[in-house]
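Peer 1: Could you work out the structure for the sequence below:
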Amino acid sequence: MKQHVFHRVGPGLVLAFIAAVIVLCAVFAVPLGMAGEASGDFTYEINDEGTITLTAYTGSDSNPVIPQEIDGVSVTHIGESCFSGLLCINKVHIPEGIVSVGDYAFECCNLLQKVYFPDSLISIGDGAFSGCNHLVLADMQDGIESIGRGAFLYCSALVNLDLPANLKTLGDFAFAMCSGLMKVTFNGESLDTLPDRLFYECSNLTKISFPKSITQIGKRTFSGCGSLTYLYFAKPLTSIGEYAFEHCSSLTRVEYTADTIGKGAFFGTQIESPDTSDADDDSANNDAGNAPAQEASAQQESTQEDAVPEAPKTIGSYAGDKSLFDEDMFKDYVVISNDDFASWCEKYLACNSDPVPLSREITPYILLYKAEVIPRYLAMVAVQNHDPAQWAEAVNLCGDDFEQMYLMINHGLFTELSRGKMCDNLILYSGVYDSQLEAAAGTDTVPTLDQLAASVGRTFVDPVMISTTTSIEIACGFSDTLFIIYASRESMEALGAVCIDAYLHTRENEILMSANATYKILDVGTMEIQTEDYQGNPQTLVRDYLKVELLLP
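Peer 2: Numbering: from 1, shown residues only. Modelled structure (predicted):
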């Protein structure tokens, strides 16, 4: 599982990620474009209203000229993934008349540095510029009303952002992992919500000018913004989401009033929080939130610099040591430590006397693994491979949960699931996606912890190939809920799990397990994990968990 430390993507992973994109572009270098008409270096289609949507760019200019019209017909839309994955592009001027930039339109254009938007533009789609990690300028005009989910996710070279005066909606993760971002200015008074993880891991963000219209702050909106020191919200807030300011380690003052404050809103900060992050008493949070004109101030507490990480501590458990979950049943299941993992890999290889080859053919790799994990990267390759049917199939596999992009950023290996022999019964950890939680609880929407608790004892089929790890600290970096998997060597061998690290020596503690594996829920609850941040300082993480047993197929 490719994750160096909690919340942090190492430079080696970025290089691996870029290298993967370069390989894909090199393999599929001859462009055929998407279905539709062709004009010059573009393919396009006619919209119902008689205007044109550009569907693909087939040229190689560093500053492509986007047409305002084709054969006298106005171009109004840049279509989904139109420029996705192209490494030739350095600068883009979007002309007047364009009203929307579609989903993933410039995704993973890694060498794109500057983009200029026209006055006519109204919307920027989901993931439109995600992964453009050399983008230093996004010149937005005031007419833009919506910016989609993950639109500028992982644009790590952005430093300053001036957001449009007419902006009404922002999607989750819109500027997450923009690690170079230092200053954000909100213009206008039309935006009322700061969505989930909006500035997640913007570690250098120091100054934000909010509109007075803000009334809601989402879940983990500012999580990991370690350079923020002071925030002011002029208008009373209806809600502050769970862990909204988690690990804003420099934050000493927040001025606000709020009706409700989510669990752990100021966890890991210097703020004397009005909420109780290790309790589930909603009434206490609400009473604190209704206090007039609160000003949170720095809490002067000493910390022990050389604290040793401790084993996970269960805060709450629905099954605990009841008859369903008998710890003695799993007493021979082991956790392989980071230090022991390399030697365990050698033991794993010794179990496989007949070496198990790993295919590095791009298409099987995508269809079998990445398509189940992050379909939008399959979409990028489908554009290069000129296969819109493959693209649509990928999107249908696991929906549009943009959290899944993190897993792709942290991989960059061409891996295909292969059958291997295991040498131990293991306790493995994995971050959980929404689709997995829904499968576990048998719901059509993301379940609450109580809904999951009601499912203790049931079996479910996981729809996604899991990338597991032997390190709980690594798994914590992927989601707010963890699978703790009791996996016998017998069930793993029958399933066909494989230890990637044994073959590729990445030291990432990664074991892949098939999609559609069957699990039994043993326990559901919340735990506290003592670990370290990327600078080696002790930190405490709080995560919900599902303890599950991997069943024989």
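
Peer 1: what's the burial count for the residue nearest to residue 176 when sequence neighbours are not counted?
Peer 2: Of all residues beyond its chain neighbours, the one nearest residue 176 is residue 200 (3.9 Å), with distances taken as C-beta to C-beta, 6 or more residues apart in numbering. (Glycine included, C-beta is placed from N, CA and C.) Using other C-beta atoms under 10 Å, the number of residues around residue 200 comes to 24.

Peer 1: residue ranges with poor pLDDT in the stretch 351-500 of the chain?
Peer 2: 353-419, 464-465 (pLDDT under 70).

Peer 1: What segments of it are helices?
Peer 2: Using DSSP state H, counting those that start in this stretch, the helices of the stretch 351-500 of the chain run over residues 362-365, 371-373, 375-385, 388-398, 404-409, 434-441, 449-453, 472-476, 489-495, 500-504.

Peer 1: tell me the SS of residue 247?
Peer 2: Secondary structure for residue 247, judged by DSSP: H, G, I helix; E, B strand; the rest coil, is coil.

Peer 1: Go ahead and confirm it touches residue 220.
Peer 2: No: between residue 247 and residue 220 there is no contact under C-beta atoms under 8 Å: 9.4 Å.

Peer 1: More neighbours: which of those two?
Peer 2: In this view residue 247 and residue 220 are compared by other C-beta under 10 Å, and residue 220 has more residues nearby, 27 against 22.

Peer 1: any idea how far residue 43 is from that one?
Peer 2: 39 Å (C-beta to C-beta, to the nearest Å).

Peer 1: still on that earlier bit, can you pull the contacts of the residue nearest to residue 176?
Peer 2: Applying C-beta atoms under 8 Å, 6 or more residues apart in numbering, one finds that residue 200 lies in contact with 173, 176-177, 220-224.

Peer 1: ok, 10 Å please
Peer 2: When contacts are counted by C-beta atoms under 10 Å, 6 or more residues apart in numbering, residue 200 is found next to 7, 153, 172-178, 219-225, 246, 406.

Peer 1: again with residue 49
Peer 2: Residues counted as contacts of residue 49 (C-beta under 10 Å, 6+ apart) are 74, 76.

Peer 1: ok, it to residue 102 distance?
Peer 2: Residue 49 sits at a distance of 16 Å from residue 102 (criterion: C-beta to C-beta).

Peer 1: same question, residue 110
Peer 2: When residue 110 is compared with residue 102 (using C-beta to C-beta), they lie 19 Å apart.

Peer 1: Have a look at the two and say which one is more surrounded.
Peer 2: Remark: of residue 110 and residue 102, residue 102 carries more neighbours, 23 against 19, as counted by other C-beta under 10 Å.

Peer 1: Just give me the neighbour total for the nearest residue to that one once chain neighbours are set aside.
Peer 2: Distances taken as C-beta to C-beta, 6+ apart place residue 80 nearest to residue 102, at 4.3 Å, with adjacent residues excluded. Counted with other C-beta under 10 Å, the neighbours of residue 80 add up to 26.

Peer 1: do the one 10 residues further on as well
Peer 2: The number of residues packed around residue 90, counting by other C-beta under 10 Å, is 15.

Peer 1: Contacts only, for it.
Peer 2: Neighbour list for residue 90: 61-64, 109, 111-114, 134 [criterion: C-beta under 10 Å, 6+ apart].

Peer 1: Surely residue 139 touches residue 116?
Peer 2: Yes: in this structure, residue 139 is within contact of residue 116 by C-beta atoms under 10 Å, at 4.7 Å.

Peer 1: Give me the common contacts of those two.
Peer 2: In terms of C-beta under 10 Å, 6+ apart, residue 139 and residue 116 are both contacted by the residues 93-94.

Peer 1: by contact count, what packs against the longest strand along the chain?
Peer 2: The strand that spans the most residues within the chain, counting by DSSP state E, is strand 518-532. Counting contacts by 3 or more C-beta pairs under 10 Å, 6 or more residues apart in numbering; DSSP states H and E, strand 518-532 is packed against strand 313-317, helix 434-441, helix 449-453, strand 459-461, helix 472-476, strand 481-487, helix 489-495, strand 538-550.

Peer 1: wait, isn't residue 166 in contact with residue 188?
Peer 2: Yes: using C-beta under 10 Å as the test, residue 166 is close enough to residue 188 to be in contact (6.0 Å).

Peer 1: residue ranges with poor pLDDT in the stretch 1-150 of the chain?
Peer 2: Counting by pLDDT under 70, the stretch 1-150 of the chain contains low-confidence residues at 1-35.

Peer 1: Would you state the strands of it in chain order?
Peer 2: 37-39, 42-46, 52-57, 69-70, 73-78, 91-93, 100-101, 114-116, 123-124, 137-139, 146-147 (DSSP state E, counting those that start in this stretch).

Peer 1: Turn the ones you listed into JSON lines, including distance to residue 497 and mean neighbour count.
Peer 2: Written out in JSON lines, the entries for the strands of the stretch 1-150 of the chain read as follows (distance: least, C-beta to C-beta, whole Å; neighbours: other C-beta atoms under 10 Å):
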{"stretch": "strand 37-39", "distance to residue 497": "46", "mean neighbour count": "14"}
{"stretch": "strand 42-46", "distance to residue 497": "42", "mean neighbour count": "19"}
{"stretch": "strand 52-57", "distance to residue 497": "38", "mean neighbour count": "24"}
{"stretch": "strand 69-70", "distance to residue 497": "52", "mean neighbour count": "15"}
{"stretch": "strand 73-78", "distance to residue 497": "42", "mean neighbour count": "20"}
{"stretch": "strand 91-93", "distance to residue 497": "44", "mean neighbour count": "17"}
{"stretch": "strand 100-101", "distance to residue 497": "41", "mean neighbour count": "24"}
{"stretch": "strand 114-116", "distance to residue 497": "43", "mean neighbour count": "17"}
{"stretch": "strand 123-124", "distance to residue 497": "40", "mean neighbour count": "24"}
{"stretch": "strand 137-139", "distance to residue 497": "42", "mean neighbour count": "16"}
{"stretch": "strand 146-147", "distance to residue 497": "40", "mean neighbour count": "22"}
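
Peer 1: Would you reformat the ones you listed as CSV and include distance to residue 458?
Peer 2: Supplementary listing: the strands of the stretch 1-150 of the chain in CSV, determined by distance: least, C-beta to C-beta, whole Å:
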stretch, distance to residue 458
strand 37-39, 52
strand 42-46, 46
strand 52-57, 45
strand 69-70, 56
strand 73-78, 45
strand 91-93, 50
strand 100-101, 43
strand 114-116, 49
strand 123-124, 42
strand 137-139, 47
strand 146-147, 40
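
Peer 1: Those: which one's closest to residue 235?
Peer 2: Evaluated with C-beta to C-beta, the strands of the stretch 1-150 of the chain place strand 146-147 nearest to residue 235, the distance being 21.1 Å.

Peer 1: what distance separates that closest one from the centre of its chain?
Peer 2: For strand 146-147, the distance between its averaged C-alpha position and the chain's averaged C-alpha position is 19 Å (C-alpha atoms, centre = their mean, to the nearest Å).

Peer 1: Partner strands of the following helix or strand past it and their direction?
Peer 2: For strand 146-147, the following helix or strand on the C-terminal side (DSSP states H and E) is strand 160-163. Neighbouring strands of strand 160-163 in its sheet, by DSSP bridges, are strand 183-186 (parallel).
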